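Asker: Have a look at this fold, sequence not included:
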């Protein structure tokens with residue numbers, strides 16, 4: 001199945017799901033119970049049971065030079081949040097991110113760094129993967145953060161130039177090799193001297209975001225921090 005077929009099938013699935021929602025009450029993405037009239041994507045018990053972490057990571061487990069400053073992961077990557085991330089990536093479900101961020105807005109804003117940022121940038125997908133998926137699953141989070149921080153989105157300034165295998169089953173050194181030379185900056189002048197907040201979905205070793213941060217640092221960025229939706233429990237970042 002080629003990328004165009006996947007996109008067409010995904011579009012029809014979205015339309016089909018929309019029609020189903022008109023006929024049948026939608027189900028919670030986590031527990032699959034029927035949603036109430038005032039619930040969207042997630043039932044209230046599931047939405048309120050996510051575990052907020054509330055503090056930045058102190059170190060990264062990725063080997064070599066670290067180009068990231070501070071990293072925040074908003075929620076623990078437990079079974080429920082893992083289910084949510086899976087829907088976000090593979091089920092063409094984008095709305096849950098906004099639902100979660102809006103529900104926890106006060107707590108998230110309290111975590112947001114007090115420093116000034118010039119740009120918020122999503123960790124980009126390779127064009128091939130973007131065509132297959134149809135969207136970058138963290139762009140909505142970037143837009144939400146940019147709005148709250150009142151800064152510009154700089155997604156157009158970076159690109160992923162190397163198609164990489166999934167990082168899921170790789171150790172820290174393998175992850176680092178997998179994403180080596182994976183990113184490039186499109187406009188050096190727009191990056192030089194800037195304070196940048198990167199955004200991704202899951203923080204495990206930090207290899208992917210650190211690889212992008214290295215490219216941004218080489219382009220002259222003054223500071224690169226990271227915020228992700230989640231991180232696995234009992235992991236060093």
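Answerer: Done, it's in. Fair warning: this is a prediction, and the values are worked out from it, not measured in the lab. Numbering: from 1, shown residues only.

Asker: Burial check on residue 146, number of neighbours?
Answerer: The burial metric for residue 146, expressed as a neighbour count using other Cβ atoms under 10 Å, is 20. The C-beta positions use only the backbone N, C-alpha and C, and glycine is treated the same way.

Asker: which residues does it contact?
Answerer: The neighbourhood of residue 146, defined by Cβ atoms under 8 Å, 6 or more residues apart in numbering, consists of 120, 152, 153.

Asker: now that we have the residues you listed, which one has the most neighbours?
Answerer: When these are compared by neighbour count (other Cβ under 10 Å), residue 120 ends up highest, at 24 neighbours.

Asker: quick one: it is in a strand?
Answerer: Yes - secondary structure assignment places residue 120 in a strand (DSSP: H, G, I helix; E, B strand; the rest coil).

Asker: got the contact list for it?
Answerer: With contacts defined as Cβ under 8 Å, 6+ apart, residue 120 is in contact with 142, 145, 146, 149, 151, 152, 153, 154, 196, 197, 199.

Asker: Now secondary structure and pLDDT too, for these, in CSV please.
Answerer: CSV is the format used below for these (DSSP: H, G, I helix; E, B strand; the rest coil; pLDDT from 0 to 100):
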residue, secondary structure, pLDDT
142, helix, 96
145, helix, 94
146, helix, 95
149, helix, 91
151, coil, 94
152, strand, 96
153, strand, 97
154, coil, 97
196, strand, 97
197, strand, 96
199, strand, 96
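
Asker: Between all of the residues you listed, which two are separated the most?
Answerer: The two members of those with the most space between them (Cβ to Cβ) are 152 and 199, at 13.3 Å.

Asker: What is the nearest of the contacts of residue 120 to residue 113?
Answerer: For those, the closest approach to residue 113 (Cβ to Cβ) belongs to residue 197, at 7.5 Å.

Asker: That closest one touches residue 148, doesn't it?
Answerer: No - judged on Cβ atoms under 8 Å, residue 197 makes no contact with residue 148 at a distance of 10.9 Å.

Asker: between these two, who's got more neighbours?
Answerer: With neighbours defined as other Cβ under 10 Å, residue 197 and residue 148 compare such that residue 197 has more, 26 against 14.

Asker: which residues does that one bridge with?
Answerer: residue 120, residue 225 (DSSP bridges).

Asker: In contact with it, which residues are there?
Answerer: Residue 197 makes contact with 113, 117, 119, 120, 121, 145, 149, 151, 225, 226, 227, according to Cβ under 8 Å, 6+ apart.

Asker: picking that back up, name the nearest of the contacts of residue 146 relative to residue 209.
Answerer: Distance from residue 209 was checked for each of the contacts of residue 146 by Cβ to Cβ. The minimum falls on residue 120, at 13.3 Å.

Asker: can you map out the strands along this structure?
Answerer: In the chain, the strands defined using DSSP state E lie at 71-76, 119-122, 152-153, 158-160, 183-185, 195-202, 223-231.

Asker: nearest to residue 83, of the ones you listed?
Answerer: When these are compared by Cβ to Cβ, strand 223-231 sits nearest residue 83, at 11.3 Å.

Asker: Pull the distance from the closest one to the chain's centre.
Answerer: Distance of strand 223-231 from its chain centroid, counting by Cα atoms, centre = their mean, to the nearest Å, is 9 Å.

Asker: all helices for the protein, in order.
Answerer: Ranges of helices within the chain are 3-23, 44-48, 79-90, 95-103, 105-111, 127-133, 139-149, 172-178, 188-191, 207-218, based on DSSP state H.

Asker: what's next to the fourth one, contact-wise?
Answerer: For helix 95-103, the surrounding residues in contact (Cβ under 8 Å, 6+ apart) are 29, 40-42, 47-48, 50, 75, 84, 87-88, 108, 137, 140-141, 144, 229.
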